[in-house]
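Trainee: My questions are about this predicted structure, shown below with the sequence.
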Amino acid sequence: MKVIIIGAGWAGCAAAITAKKAGAEEVVLYEKTDMILGLGNVGGIMRNNGRYTAAEELLALGAGDLINITDSNTRHADIDFPGHKHAWLYDVNKIEPIVKKYLLDLGIELKMLCRVVDVKKYIEKVVGIYLSDGTYDEGDVFIETTGSTGPMGNCLRYGNGCSMCVLRCPSFGPRVSISMRAGVDDLQGEREDDIYGAMSGSCKLCKDSLDEDLVKELDEKGVVVLKVPPEDVNMEKLKAKVCQQYALKEFAENVVLLDTGHVKLMTSYYPLEKLRKIKGLESAKYIDPYAGGKGNSIRYLSVAPRTDDMKVKEIANLFCGGEKGGLFVGHTEAICTGSLAGHNAVRYVLGKPLLILPKTTAIGDIIAYANYKMMTKSGRRNRYTFAGAEYFKRMQEIGLYSIDKEEIRNRIKELSLLDIMNQKIV
């Protein structure tokens, strides 16, 4: 059995792990750049709000490998910042090689600097993929986790110009929608004003460019909140944010800084001359994106229609995860959807029934809920995350939110799903 995964962000890595643990002999992970994890290299926030519940569900399901890795590389645990409780911040400067080694130790084959540009189809199946250099590779089942950002023209058309973000599409080539190449029309998220896509929700500042006392406080506490001068408060900018869990007035009235190895600035962009008016930030410098004073990358322009088992509609052997699988926000959400896609890819090849997680789990519910909402115009204007906004409210209302590890584990056990993604099924 050969499982081919396109895109080595958190979702792709999670899919590779669960496919391998389910018993796939060959798991090949294709990545167009020279680093895995994608946005994980500048993210860093885990376990905030409902993501705590989802992380513990993953562990109980037997798909918590990446949660264990981020937990063990945490710089700050159990911190609060506006609208968010008990967050854990992993070190973005250390995480990538650790995850890469873990994948290799499992026997997963990594194909780096390999951009997949097309597919070969036979009836309703993908039989192989083509790379930008003309190379062709065949597999039994395919998983697309290419994300929803890029190519560069989308940042120009729908945003404030190419910002040379961590995805580095000018250097490594544009993202290609594999599902569209297979003949399935992608869905697109919208903003409130009917413009497609939404801006990434944070920037990174160079630590060495900030005031020493401010850096010391960040290193000790993990979070610093600074007041924005009244004349610079801009509520309208919140509408453009992809991360609606941070679209709170506190994030317009304050500058929220988190220590993830870099200094994570919780805003899509902030004009540099205004940022430098704030005490401690007089010499601040952006390191991701370089255009953080003007704009950020545009996301949610390429979502594959799929069923709740993460299979792409109309294609028998193509699965998806992460942002490719819905208007999801966050690493935890990517790991959840990618894990299910990888597990079900093996089930598909074996002719076994595909796993759909019950709606009595937070993971199963968000997958189903986001899919339902994606089919409506109003739903395409929202984003879905365990960490806040619409879906976290839903979690609380229907009793899915919990930080009690034993309660969460028992929830999975009562559904006879304990460790299901850690078992070899071949």
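Mentor: That came in fine, so what should we check first?

Trainee: Quickly find the element holding residue 27.
Mentor: If you go by DSSP states H and E, residue 27 is part of strand 26-30.

Trainee: So residue 97 lies in a helix, does it not?
Mentor: Yes - assigned with DSSP: H, G, I helix; E, B strand; the rest coil, residue 97 falls within a helix.

Trainee: still on that earlier bit, report all helices and strands that the strand holding residue 27 contacts.
Mentor: Strand 26-30 is packed against strand 2-6, helix 10-22, strand 109-111, with contacts defined by 3 or more Cβ pairs under 8 Å, 6 or more residues apart in numbering; DSSP states H and E. For every residue, glycine as well, the C-beta is placed using N, CA and C.

Trainee: and those, which is most packed in?
Mentor: Most buried of those, by mean neighbour count (mean count of other Cβ atoms under 10 Å): helix 10-22, with a mean of 29.

Trainee: Please enumerate residues in contact with stretch 392-400?
Mentor: 49, 50, 53, 245, 360, 361, 362, 365, 369, 385, 386, 401 (Cβ atoms under 8 Å, 6 or more residues apart in numbering).

Trainee: Generate CSV for the helices and strands packed on strand 26-30, with distance to residue 252 and mean pLDDT as supplementary columns.
Mentor: Listed next are these as CSV, based on distance: least, Cβ to Cβ, whole Å; pLDDT from 0 to 100:
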stretch, distance to residue 252, mean pLDDT
strand 2-6, 38, 98
helix 10-22, 28, 98
strand 109-111, 41, 98
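
Trainee: The strand holding residue 27: what's the following helix or strand?
Mentor: Using DSSP H and E, the helix or strand that directly follows strand 26-30 along the chain is strand 45-46.

Trainee: What mean pLDDT does whichever helix or strand comes after that next one get?
Mentor: Remark: after strand 45-46, the chain's next helix or strand is helix 51-61, criterion DSSP H and E. Helix 51-61 carries an average pLDDT of 98.

Trainee: What angle do helix 10-22 and helix 51-61 make with each other?
Mentor: Angle, helix 51-61 to helix 10-22, by axes from the mean of the first three to the mean of the last three Cα atoms, to 10 degrees: 20 degrees.

Trainee: change the start of the numbering to 500 and stick with it
Mentor: With the count now opening at 500, the last piece we talked about shows up as helix 550-560.

Trainee: which ones are touching residue 592?
Mentor: Residues near residue 592 by Cβ under 8 Å, 6+ apart: 760, 761.

Trainee: Let me see the contact set for residue 822.
Mentor: 510, 646, 647, 648, 798, 799, 802, 833.

Trainee: tell me the least confident of these?
Mentor: Among these, residue 648 has the weakest pLDDT, 87.
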